[in-house]
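In: Got a sequence here, can you model it:
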Amino acid sequence: MLACATAEPQPFVAPSGAETTTGPVPPAAPDLLFVDITTWSGLSGLTAPVGVALTDLDRDGAPDLVVGLERETQLFMNLGDGRFKHTRTLSHADLVGTAPYVLDLDGDGRRDLLLIGERHARVVLAGPLGLSESTAMIELPTLTGIGSIATFGDFRGRGTFDLVVGMIAGAPAGGDTEPDFDCATIGGDGGGRSTEKEELASSMVLEFANGAFADLTAESGVDTHALRTQALATVDLDGDGHLDLLVGSESKELDQIWLNDGQGHFKESSAALGIDRKTSAMGFQAMDVDGDLDLDLFVSDDQAKGGGILYVRGDDGRYREEANARGLGDTESLTTWGFAFEDFDLDGDLDAFLANGLPFYGCSGGAQPKSYYDGTPEGHFTRVTGAPGTALDILAGSRGAAFGDIDGDGDLDVVVANEDGPLHVLRNELGRGHWLKLDLRHPQLDPPVGAIVTITVGERKQRRWVQGTASYGGSSSAEVHFGLGAAEMVDEVLVRWPHGQVQTVTKLHANRTHRIEFKPD
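Out: As a prediction, this is how the structure comes out:
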């Protein structure tokens, strides 16, 4: 998320909505895998150098778009078919390189925005009419370094979210207002910064209550001074019912796994779990890659030897790295930022979409193609390239990526932020089977981070984990998505809510979005 000296960014002239689109919807083209519909969506020319978020802000069933620009954040409402209409601009001249995250921070039932910038971070609380009306911005405590990433979860079991903000560089020594960058070494062991001129960064753990933030970092026991943090996630990694914290390094250091005792106190436990690779991590995702219903873990990495890091959980509870053995070895030539392991082709197996772009070597990034991998039930992956003209071939210095069904056809589409050019809206052409989307409604936690959803279709089960952010640069749609293949009915859905309550729903029809509301015991 480092920014080089550039010309003053030009303000974005927002499109007025559907009337700005040209021509009919681009026709279906399954042999292309993904089709670029940016112009048709009404978003051409919109540059998002860091991150984007897809989330249903107005609760109409279609994910809306939040775009983090250099000095402002733009809100676009989905017209229901993949076209977007601009509704609001949030100006923040001092908030540069913005990554947007969406959550209901104050527990009032409306989704708020968390905006992470290089030197500042703030929250925009939704008003009675949601984020479409004017609301005050609340500043987070002054960052101790350059902000990079955020995550959130109910770490203390109180029914409220705590925030974690990660930083990739510390404050300059001597009280300077800006850090010192050595652009010639960005991406190397020094991370592009001189440790003689700056302090090491540390992640911050924050509580939001009564309209203000309190710093819980020391109380939590989380100490990340050894890392330049560029990846964060929250998920129950050890299966004890408490949300844990995953912290990824920017500069080829060991990632850290902080296990939670349920009271918000953490202990670093990566060695005990077998998490033993040095990475330049951009994101984590928890998923069941091999169909055994255990939590496995993918870590995107900067041109990792042997490919991105895929930890598969063994029967002893420890993790073993198996990316190359499972067909992901060619990610060694890619730097993956935004990504998702989801069922893009709706056949019942997890696939993978990776948004790639070289980091700032010599203060300039490098364009790379996007990549798609078709998965099998056993968790083996094959890269599929598509016919000439696929949107996967568009070269860009991609950064954040957000995933959601923007056109209402049941499969997951992608919006990609690019550091070196306009964002891309990619329509998924892969869907060949039936699907199920679950809208989980918890009275206190939106999204319900920590929930685990297991569906049964005939003799087969699938499982998903609701994370406190995955990937890099923003939030994806909070709906839990499953591909069903030929099945037209889901026999059972079992939801283990945050804090452990289990709820079961039976006989849900395919090709629909079903709302499941938390029902207390």
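In: could you pull out the helices for the stretch 401-521 of the chain?
Out: Along the stretch 401-521 of the chain, counting by DSSP state H, counting those that start in this stretch, no stretch forms helices.
In: so where is the stretch 251-400 of the chain shaky, pLDDT-wise?
Out: 303-307, 360-365 (pLDDT under 70).
In: contact partners of the helix or strand harbouring Val102?
Out: Following DSSP states H and E, one finds Val102 within strand 99-103. With CB atoms under 8 Å, 6 or more residues apart in numbering as the test, strand 99-103 has contacts from 1, 50-53, 55, 57, 66-68, 73, 111-117, 148-150, 152, 161, 400, 446-447, 469, 472-475, 478. Just so you know, the C-beta spots here come from the backbone N, C-alpha and C atoms, and that holds for glycine as well.
In: quick one: which of these sit in strands?
Out: 52-53, 55, 66-68, 73, 112-116, 148-150, 152, 400 (DSSP state E).
In: mind checking which helix or strand of this structure has the lowest mean pLDDT?
Out: strand 364-367 (a mean of 73; mean pLDDT, DSSP states H and E).
In: ok, back up a step: tell me the strands beside the strand holding Val102, with direction?
Out: Strand 99-103 pairs in its sheet with strand 112-116 (antiparallel), by DSSP bridges.
In: For the strand of greatest length in the chain, name the packing helices and strands.
Out: If you go by DSSP E, the chain has its longest strand at strand 351-361. Secondary-structure packing of strand 351-361 (3 or more CB pairs under 8 Å, 6 or more residues apart in numbering; DSSP states H and E): strand 336-342, strand 364-367, strand 371-375, strand 398-404, strand 413-418.
In: What strands flank it, and is each parallel or antiparallel?
Out: Strand pairing for strand 351-361, determined by DSSP bridges: strand 336-342 (antiparallel), strand 364-367 (antiparallel), strand 371-375 (antiparallel).
In: just so I know, which of the ones you listed lies nearest Leu259?
Out: Counting by CB to CB, Leu259 lies closest to strand 336-342 out of the strands paired with strand 351-361; the figure is 22.9 Å.
In: Dump the C-alpha coordinates for that closest one into PDB.
Out: As requested, the backbone C-alpha atoms of strand 336-342 are provided in PDB (Å, rounded to 0.1, in the frame of the first residue of the first chain):
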ATOM      1  CA  THR A 336      -1.400 -12.000  -5.500                       C
ATOM      2  CA  TRP A 337      -3.300  -9.300  -3.600                       C
ATOM      3  CA  GLY A 338      -7.100  -9.700  -3.800                       C
ATOM      4  CA  PHE A 339      -8.300 -13.300  -4.100                       C
ATOM      5  CA  ALA A 340     -11.100 -15.700  -3.100                       C
ATOM      6  CA  PHE A 341     -11.500 -19.500  -2.900                       C
ATOM      7  CA  GLU A 342     -15.200 -19.900  -3.800                       C
END
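In: what sits up against that strand?
Out: For strand 336-342, contacts defined as CB under 8 Å, 6+ apart pick out 282-283, 285, 287, 289, 298, 300-301, 308, 350-357, 375, 398-403, 412, 414, 416-417, 470-473, 476, 481.
In: at 7 Å what do you get?
Out: Residues outside strand 336-342 that contact it (CB atoms under 7 Å, 6 or more residues apart in numbering): 282-283, 285, 287, 298, 300, 308, 350-357, 398-401, 403, 412, 416, 471-473, 476, 481.
In: buried subset of these?
Out: Neighbour-count burial within the contacts of strand 336-342 applies to 282-283, 285, 287, 298, 300, 308, 350-357, 398-401, 403, 412, 416, 471-473, 476, 481; the criterion is 16 or more other CB atoms under 10 Å.
In: now the helices for the stretch 201-350 of the chain?
Out: All helices of the stretch 201-350 of the chain, identified by DSSP H, counting those that start in this stretch, fall at 217-220, 270-273.
In: For my notes, please list these in a markdown table and give distance to Lys252 for each entry.
Out: A markdown table is the format used below for the helices of the stretch 201-350 of the chain (distance: least, CB to CB, whole Å):
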| stretch | distance to Lys252 |
| --- | --- |
| helix 217-220 | 24 |
| helix 270-273 | 15 |
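In: mind putting the ones you listed in a markdown table, distance to Trp465 and mean neighbour count included?
Out: A markdown table is the format used below for these (distance: least, CB to CB, whole Å; neighbours: other CB atoms under 10 Å):
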| stretch | distance to Trp465 | mean neighbour count |
| --- | --- | --- |
| helix 217-220 | 22 | 16 |
| helix 270-273 | 16 | 15 |
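In: and the strands paired with strand 351-361, which is most packed in?
Out: Among the strands paired with strand 351-361, ranked by average contacts under mean count of other CB atoms under 10 Å, first place goes to strand 336-342 (a mean of 27).
In: Please give the centre-to-centre distance between that strand and its chain.
Out: Distance of strand 336-342 from its chain centroid, counting by CA atoms, centre = their mean, to the nearest Å, is 8 Å.
In: and that strand with strand 398-404, angle?
Out: In terms of direction (axes from the mean of the first three to the mean of the last three CA atoms, to 10 degrees), strand 336-342 departs from strand 398-404 by 20 degrees.
In: Between strand 413-418 and strand 336-342, find me the angle.
Out: Between strand 336-342 and strand 413-418, the angle formed by their directions is 170 degrees, by the same axes, to 10 degrees.
In: quick thing: my sequence starts at 303, can you match it?
Out: With the count now opening at 303, the last piece we talked about shows up as strand 638-644.
In: these two touch, right, Ile698 and Leu660?
Out: Not Ile; residue 698 is Ala. No - using CB atoms under 7 Å as the test, Ala698 is too far from Leu660 to be in contact (10.7 Å).
In: Let me know which of the helices of the stretch 503-652 of the chain is the nearest to Pro329.
Out: Among those, the nearest to Pro329 by CB to CB is helix 572-575 (48.0 Å).
In: outside of the closest one, which residues touch it?
Out: Helix 572-575 is contacted by residues 556-559, 620-621 when judged by CB under 7 Å, 6+ apart.
In: what about burial for these, which qualify?
Out: For the contacts of helix 572-575, a burial check counting by 16+ other CB under 10 Å picks out 556-559, 621.
In: Need those residues in JSON lines (columns: distance to Ala331).
Out: JSON lines is the format used below for the buried ones among the contacts of helix 572-575 (distance: CB to CB, whole Å):
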{"residue": "Leu556", "distance to Ala331": "44"}
{"residue": "Asp557", "distance to Ala331": "39"}
{"residue": "Gln558", "distance to Ala331": "44"}
{"residue": "Ile559", "distance to Ala331": "42"}
{"residue": "Tyr621", "distance to Ala331": "39"}
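In: hey, where'd the strands end up in the stretch 403-552 of the chain?
Out: With DSSP state E, counting those that start in this stretch, the ranges of strands along the stretch 403-552 of the chain come out as 414-418, 423-426, 439-441, 447-455, 464-472, 506-511, 514-517, 531-537, 546-551.
In: Could you tell me which strands sit next to the third one in the sheet, and their orientation?
Out: For strand 439-441, the paired strands and their directions (DSSP bridges) read strand 423-426 (antiparallel).
In: could the strands of the stretch 403-552 of the chain go into a markdown table alongside mean neighbour count, distance to Leu796 and mean pLDDT?
Out: As requested, the strands of the stretch 403-552 of the chain are exported to a markdown table (neighbours: other CB atoms under 10 Å; distance: least, CB to CB, whole Å; pLDDT from 0 to 100):
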| stretch | mean neighbour count | distance to Leu796 | mean pLDDT |
| --- | --- | --- | --- |
| strand 414-418 | 26 | 30 | 92 |
| strand 423-426 | 22 | 34 | 89 |
| strand 439-441 | 14 | 37 | 83 |
| strand 447-455 | 28 | 21 | 82 |
| strand 464-472 | 26 | 27 | 83 |
| strand 506-511 | 20 | 31 | 92 |
| strand 514-517 | 14 | 36 | 91 |
| strand 531-537 | 28 | 18 | 92 |
| strand 546-551 | 26 | 22 | 92 |
